[in-house]
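Asker: Mind looking at a prediction? Sequence and model below.
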Number of protein chains: 2
Amino acid sequence: MKMLINVAETVVADALRGLAASHPELTVDVENRVVVRRDAPVPDKVALISGGGSGHEPLHGGFVGAGMLDAACPGEVFTSPVPDQMVRAAAAVDNGKGVLFVVKNYTGDVLNFDMAAELAEDEGIQVAKVLVDDDVAVSDSTHTAGRRGTGATLFVEKIAGAAAEEGAPLERVEAIARRVNACSRSFGVALSPCSTPAKGGPTFELPAGELELGVGIHGEPGRERRAMMTSREIADYAVDAVLDDLRPDNPVLVLVNGMGATPQLELYGFAAEVHRVLGERRVAVARTLVGNYVTSLDMAGASVTLCQVDEDLLRLWDAPVRTAGLRWGC
Amino acid sequence: MKMLINVAETVVADALRGLAASHPELTVDVENRVVVRRDAPVPDKVALISGGGSGHEPLHGGFVGAGMLDAACPGEVFTSPVPDQMVRAAAAVDNGKGVLFVVKNYTGDVLNFDMAAELAEDEGIQVAKVLVDDDVAVSDSTHTAGRRGTGATLFVEKIAGAAAEEGAPLERVEAIARRVNACSRSFGVALSPCSTPAKGGPTFELPAGELELGVGIHGEPGRERRAMMTSREIADYAVDAVLDDLRPDNPVLVLVNGMGATPQLELYGFAAEVHRVLGERRVAVARTLVGNYVTSLDMAGASVTLCQVDEDLLRLWDAPVRTAGLRWGC
């Protein structure tokens, strides 16, 4: 398996060096693996911190910047960051208004963010946490108890980040983050496995002519394998899986997310089918985002995330954001 | 070869439907394959039109919008659009100030844009053309005489688009576009071939353990094949190939472009090595863009484009842009 890397051991550090060189608006501590807004701590602002295993870029380091995260803590590939990273991040961004940890629901992440919260509080930093668990595919999976956290993380970080940027206090930022998670559901499919640098090859087997319905972002098993389906059939399956669990009364934000190796030409064709199903199910669409945002290294496939929004959440979604991975209005 | 599609015949139309559904700020004529700014024709503004074979998304349809292109004409996958598309586009966006065709140097594109220019002029539309030929890898290739047009197309469209948005007349927009092309050079590498929907599999063979140095964006042969190299070695080779042909006195814009299937984690690691080489060669970097911008379907690999900029070009680069694929400042 050919990869555009030096050696597996330095993949995360190399990527952080590249992030630092390419984005002068970030402060990147390559050794300690913390990515911080250069203007942090921002006065009178609740700080948002997230993190998780690497391999899902631009999540999370690519979402650090004005209007979104104040800091991110990347772990090794598909491996939770350690509490020390989160405590360093909290110390770097807190200005006394408190920090919100945005945690995807994987056992390692949850344990380490919990420990980091205790350590940070010992240092006098007020910490709130929100758990993201939007993936309807399965309950209890390889890496977690309960539902996995996937595409909704982007919505939580963007919308709660906008609220923080407006000056909302910690309780409100936390409440908004919880509301966004509660209003979001995701479902993903894999057409190919992903390959980690450490392994140097695929982390799971997916026979020719089959796809994995409900795959996790680390290649965890989903609901079932089937013979390859059309874009139309996949959209029907994925959107209906989401709508079985979330019946939106309000318009939705739609994320049509590429897993990493799916061409944008295919992704937009899939977006057309997702819109078609939503139309048939009489779900109104407020905004759509199509691209590689919550990836699984070189996996081919896509996921759909819907987030039901009221006017307040939509306004926060539309607010300016300036990060490496998501940018508008500034 | 599994693909997230319905059938090969509808891939381009399906993607255009998805573009239309996801971006209400665009007017997409799916049948005639023309993507237009919804607010076109924009009063008192030179209009920019580009196009080319599909499979390189977000180029060109993803670069239609305020501050960049007024219209794009997507052909079939890796196939030139036809003159009728370009004439329709010109009629839709021209307001009497004239249009600039941005043409990548491939034989079919050049012929068809030439014919379209004649037809549009017959209808009273003033047309200027700029040819993009930045790829230093080879002169005369599978699809073209002279150098191929690749990553510099993004710089030409963005910077000339900003000049047009400011109200510059056609001669100046054309002159700026030519200057950007003259100041830009690219070099790409492939770690894997790309697969077209029509063929349903790879369009060329690349043995395990080898890479193609100087590959074209349709998988055209480059300079040579070698045993797989590290990210560091590839960056040395690619940047030196560019600098052999362009010795910048001014700072450069750097595009570290993914070919489609290379994970962002790898791409940022490669960006670090590109920055290292540039530092060693004493080339100053003004701005860096890392991501999938000028792609080759599901090819794994990356390209480097440098564009030497003076203060005027840098200001135009930084100007607001609002497209599906590139957005800031608005």
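Answerer: Alright, I've got the coordinates. Numbering: from 1, shown residues only, chains lettered A, B, ... in the order given.
Asker: could you measure the closest residue to A:Asp244 other than its chain neighbours against A:Gly52, distance?
Answerer: Leaving aside its sequence neighbours, A:Asp244 sits nearest to A:Val136 (C-beta to C-beta, 6 or more residues apart in numbering or on different chains; 7.3 Å). Where C-beta positions appear, they are placed from N, C-alpha and C, glycine not excepted. Going from A:Val136 to A:Gly52 by C-beta to C-beta, to the nearest Å gives 20 Å.
Asker: So which of the two has more stuff around it?
Answerer: A side-by-side neighbour count of A:Val136 and A:Gly52, using other C-beta atoms under 10 Å in any protein chain shown, places A:Gly52 first with 28 against 22.
Asker: Please name the bridge partners of the more buried one.
Answerer: Beta-bridge partners of A:Gly52, counted by DSSP bridges, are A:Pro74.
Asker: Cross-check the contact I'm expecting between A:Phe187 and A:Val242.
Answerer: Yes: the pair A:Phe187 and A:Val242 passes the contact test of C-beta atoms under 8 Å, sitting 5.3 Å apart.
Asker: hey, what's in contact with both of the two?
Answerer: Counting by C-beta atoms under 8 Å, 6 or more residues apart in numbering or on different chains, the contacts common to A:Phe187 and A:Val242 are A:136, A:304.
Asker: which residues touch the residue nearest the centre of chain A?
Answerer: Compute the mean C-alpha point of chain A, and by C-alpha atoms, centre = their mean the closest residue is A:Thr153, 3.9 Å away. A:Thr153 sits next to A:50, A:59-60, A:102, A:104, A:132, A:134, A:294 when contact means C-beta under 8 Å, 6+ apart.
Asker: one more time with 6 Å
Answerer: A:104, A:132 (C-beta atoms under 6 Å, 6 or more residues apart in numbering or on different chains).
Asker: how much space between it and chain B?
Answerer: A:Thr153 sits 16 Å away from chain B, going by C-beta to the nearest C-beta, to the nearest Å.
Asker: Make sure I have this right: that residue is in a strand.
Answerer: No: using DSSP: H, G, I helix; E, B strand; the rest coil, the secondary structure at A:Thr153 is helix, not a strand.
Asker: and it, what pLDDT?
Answerer: What the model reports as pLDDT for A:Thr153 is 98.
Asker: Return the list of strands paired to the lowest-mean-pLDDT helix or strand in chain A, each annotated with direction.
Answerer: Within chain A, no helix or strand scores below strand A:201-202, which has a mean of 95 by mean pLDDT, DSSP states H and E. Next to strand A:201-202 in the sheet, as set by DSSP bridges, lie strand A:195-196 (antiparallel).
Asker: which residues are in contact with the least confident helix or strand of chain A?
Answerer: A:1, A:193, A:195.
Asker: repeat for stretch A:75-95
Answerer: With C-beta under 6 Å, 6+ apart, stretch A:75-95 has contacts from A:32-34, A:36, A:40-41, A:43, A:47, A:49, A:51, A:53-55, A:70-71, A:73, A:99, A:108-109, A:112, A:115-116, A:119-120, A:125, A:196, A:218.
Asker: circling back to that earlier point, neighbour count and pLDDT for the contacts of strand A:201-202 - can I get that in JSON lines?
Answerer: Listed next are those as JSON lines, based on neighbours: other C-beta atoms under 10 Å in any protein chain shown; pLDDT from 0 to 100:
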{"residue": "A:Met1", "neighbour count": "14", "pLDDT": "87"}
{"residue": "A:Pro193", "neighbour count": "20", "pLDDT": "97"}
{"residue": "A:Ser195", "neighbour count": "20", "pLDDT": "98"}
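Asker: Now flag whichever of these is closest to A:Arg223.
Answerer: A:Pro193 (16.8 Å; C-beta to C-beta).
Asker: Pull the number of nearby residues for A:Leu206.
Answerer: Neighbour tally, A:Leu206, other C-beta under 10 Å: 20.
Asker: quick one, helices of chain A?
Answerer: Using DSSP state H, the helices of chain A run over A:11-22, A:83-93, A:107-122, A:152-165, A:170-182, A:231-243, A:264-280, A:311-318.
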